[in-house]
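Chemist: Let me see the structure of the following:
(one chain, ligands or ions: 1)
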Amino acid sequence: SSKFTGHQSAQAVDYAKDRDTKSQDALYATSNGAPHPHPYGTQRAGENGPLLLQDFHLIDLLSHFDRERVPERVVHAKGSGAHGYFECTNPIPELTLANLFSERGKRCPLSIRFSTVGGESGSHDCARDPRGFAIKFRTDEGNWDLVGNNTPVFFLRDPAKFPHFIHTQKRHPATHLSGGDDSTMFWDYLSQNPEAVHQVMILFGDRGIPDGYRHMNGYSGHTLKFINKEGEWVYVQLHWKTNQGIKWIPAEEANGHSPDHSQKDLYYSIEKGDFPSWTLFIQTMTPKEAEELWEKQKINVFDLTHVWPQKQFPLKEVGRIVLDENAKNYFAEIEQIAFSPSHLVPGIEPSADPVLQSRLFSYPDTHRHRIGTNYQQLPVNAPRCPFAFGNFQRDGAMAFHNQGGRANYLSSIEPISFRPPVVDLDKTHAHFIGNAVSFLSAIRPEDFNAPRALWERVFDDGARERFVKNISNHMGNCHHPEAVKRMIAIFREVNADLGARLEKATGVQGYPSIKGLTFNGSHNNMEGGLKT
Ligand code: HEM
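Modeler: Next up is the predicted model:
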């Protein structure tokens, strides 16, 4: 069963009790457990006097209320989630020793959180925005977090750009207006950083507003590495495709939906037993193929603005993801869940993708700030390994499971046990860097190939019309004409007709080409040779 509470550790047992608590079984008490006659009834000095400091019941109530909020996530603040399981349908022990992929039919419990990206915690579910799609697999050898989005590519390949780009979608420092009312910062950034164009095309295409979370796919975006027990490894991309079919909301209809449209859709589908599922696929590539792909097609596996061509690297099915259980307590099970691309398990390693490398740091860092040093001890995050595990981390705020009287250093008197390493990491972290690091910010002609294919081969006539309308409407709120002119040049690089149509729709004459343009965020390498 995928039952979220059905696990071995003592923690989970306590948690199960807490989750199933019923009002009828509870006796009202203050937080120190002292039964109290009634939740109202403030102590007052006389008929009309001030309050008493001795009234712990009131102080307990108010001071806890005052602290109810943890900081919302700096991105992906609005979300929904549920629990379920992964079932392996095609084992791949020859590729990875990650044990969730070891046997056909093997199940692994998981939790998922979906999200929009830019909006605040109360923002509209039907925003035009990428969607987060993060999965915590509770494997027998620790938790593996696959922290992906609903798009296979991303806006940037240099992690230093991330806070800048995100800030363009937050409220303006002076006007305090967000992107819905003023898209100037957004287009200013994008017109200076053309490597974002593929993701922008997806965002303003039909899939830019998914109809709830059940009707969209998920992608790792980044290249990871799968390592087998011989220490051999391949590069991997993961795709998980919806079995509910893709559905999206036309731009005109988005505001007609409830701001909690996706939350409602997910919660009530699960509640009525209509469990959403996704099929998990992998693409694999040997290190040699990766070098060839760079040499011949100028696609770098460490650059997540590019995808791996599926004809050359076909999708292979490995399993099924099912959500069959709602959270009983949203805050405990969804708000407090803490994902990180660095929560990996034996058999899965990060690649040298610079954006991924930065994320390995950023997520645990933000969790320590958002929910505390011991965030991994919160029930929804705690590993549920079938073996007793220990380490030398102690104390800190909210240390619920402080490992008793066990030695808190590497003791020779009370030795802890170790499992010898299965793979030699020196060998698996090979040295192919494919120029990703040195050319992170260069815009090359190859950057426009995938967006061009999207416009010319994937979009039909209707989709092209809607795309032009979505972009030009959004640019209606951009108060920096230079940004629009530059964006038209960037879109013209994708396809000449697209550029012309945008000129007509916006009434702005764009630059004829990006050749000769300089960017504040990128090197223009369209003609070979770097221009800054
Ligand atoms: C959430 C940073 C790129 C997917 C977050 C959070 C931070 C962050 C700080 C908030 C986490 C929390 O408070 O729990 C970054 C940085 C990036 C980056 C610094 C690049 C340098 C990406 C990319 C993807 C992604 C490329 C997808 C491929 C997500 C998802 C969440 C998230 C799904 C929400 C997780 C949840 O539901 O709790 N990111 N991010 N991020 N990010 Fe990123």
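Chemist: Tell me the residues of this protein that contact the ligand?
Modeler: Applying CB under 6 Å from any ligand atom, one finds that the chain approaches the ligand through 73-76, 79, 113, 115, 132, 134, 147-149, 154, 159, 162, 221, 338-339, 355, 358-359, 362-363, 366-367, 370. Where C-beta positions appear, they are placed from N, C-alpha and C, glycine not excepted.
Chemist: where does the stretch 51-200 of the chain have low pLDDT?
Modeler: Applying pLDDT under 70 to the stretch 51-200 of the chain flags no residue at all.
Chemist: Would you point out which residue of it is nearest the ligand?
Modeler: residue 132 (2.8 Å; CB to the nearest ligand atom).
Chemist: Could you list the low-pLDDT ranges of the stretch 351-500 of the chain?
Modeler: Those would be 424-439, if you go by pLDDT under 70 across the stretch 351-500 of the chain.
Chemist: Let me see the ranges of the strands in it.
Modeler: Secondary structure of the stretch 351-500 of the chain, counting by DSSP state E, counting those that start in this stretch: strands at 442-443.
Chemist: picking that back up, now do the contacts for the residue of the stretch 51-200 of the chain closest to the ligand.
Modeler: 76, 79, 113-117, 147-150 (CB atoms under 8 Å, 6 or more residues apart in numbering).
Chemist: That one should be in a strand, yeah?
Modeler: Yes: counting by DSSP: H, G, I helix; E, B strand; the rest coil, residue 132 is part of a strand.
Chemist: quick one: it from residue 112, how far?
Modeler: Counting by CB to CB, to the nearest Å, the gap from residue 132 to residue 112 is 10 Å.
Chemist: Put the alpha carbons of stretch 103-117 into PDB.
Modeler: Output of stretch 103-117 as PDB, limited to C-alpha atoms (Å, rounded to 0.1, in the frame of the first residue of the first chain):
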ATOM      1  CA  GLU A 103      12.600  -5.300  -9.700                       C
ATOM      2  CA  ARG A 104       9.400  -5.300 -11.700                       C
ATOM      3  CA  GLY A 105       6.400  -4.600  -9.500                       C
ATOM      4  CA  LYS A 106       8.500  -3.100  -6.600                       C
ATOM      5  CA  ARG A 107       6.700  -0.200  -5.000                       C
ATOM      6  CA  CYS A 108       8.200   2.800  -3.300                       C
ATOM      7  CA  PRO A 109       6.000   5.400  -1.400                       C
ATOM      8  CA  LEU A 110       6.300   9.000  -2.500                       C
ATOM      9  CA  SER A 111       4.900  12.500  -2.000                       C
ATOM     10  CA  ILE A 112       4.500  15.100  -4.700                       C
ATOM     11  CA  ARG A 113       4.200  18.900  -4.500                       C
ATOM     12  CA  PHE A 114       3.000  20.800  -7.500                       C
ATOM     13  CA  SER A 115       3.300  24.600  -7.800                       C
ATOM     14  CA  THR A 116       3.300  27.700  -9.800                       C
ATOM     15  CA  VAL A 117       6.600  29.600  -9.700                       C
END
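Chemist: residue contacts, residue 345?
Modeler: 98-99, 137, 139, 141-144.
Chemist: please redo it, this time with the cut-off set to 7 Å
Modeler: Residue 345 is in contact with 98, 139, 141-142, 144, counting by CB atoms under 7 Å, 6 or more residues apart in numbering.
Chemist: roughly how far apart are it and residue 319?
Modeler: For residue 345, the distance to residue 319 - CB to CB - is 15 Å.
Chemist: In space, what's closest to residue 188 - neighbours in sequence excluded?
Modeler: Of all residues not flanking residue 188 in the chain, residue 483 sits nearest, at 4.6 Å (CB to CB, 6 or more residues apart in numbering).
Chemist: List the contacts of that neighbour.
Modeler: Shown in contact with residue 483 (CB under 7 Å, 6+ apart): 187-188, 191.
Chemist: Which ones among those map onto helices?
Modeler: 187-188, 191 (DSSP state H).
Chemist: Identify the residues contacting the closest residue to the ligand within the stretch 201-350 of the chain.
Modeler: Closest residue of the stretch 201-350 of the chain to the ligand, CB to the nearest ligand atom: residue 221 (3.4 Å). By CB under 7 Å, 6+ apart, the contact list for residue 221 reads 148-149, 152-154, 304.
Chemist: can you give me the helices for this protein?
Modeler: Taking DSSP H, the helices of the chain run over residues 10-19, 56-66, 162-167, 184-192, 197-204, 261-271, 287-297, 330, 354-370, 425-428, 449-453, 461-475, 481-494, 496-506.
Chemist: helices and strands around the third one, which ones?
Modeler: Using 3 or more CB pairs under 7 Å, 6 or more residues apart in numbering; DSSP states H and E as the contact criterion, helix 162-167 has no neighbours among helices and strands.
Chemist: redo that, cut-off 8 Å
Modeler: helix 184-192 (3 or more CB pairs under 8 Å, 6 or more residues apart in numbering; DSSP states H and E).
Chemist: what is the orientation angle of the helix it packs on with helix 481-494?
Modeler: Orientation check (axes from the mean of the first three to the mean of the last three CA atoms, to 10 degrees): helix 184-192 against helix 481-494 gives 40 degrees.
Chemist: if we can go back for a sec, is it possible to export the ones in helices among the contacts of residue 483 to CSV including neighbour count?
Modeler: As requested, these are exported to CSV (neighbours: other CB atoms under 10 Å):
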residue, neighbour count
187, 25
188, 20
191, 27
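Chemist: Just name the closest of these to residue 232, please.
Modeler: Nearest to residue 232 among the ones in helices among the contacts of residue 483 is residue 191, at 44.6 Å by CB to CB.
Chemist: and the closest one, what does it touch?
Modeler: Counting by CB under 8 Å, 6+ apart, residue 191 has contacts 482-487, 490.
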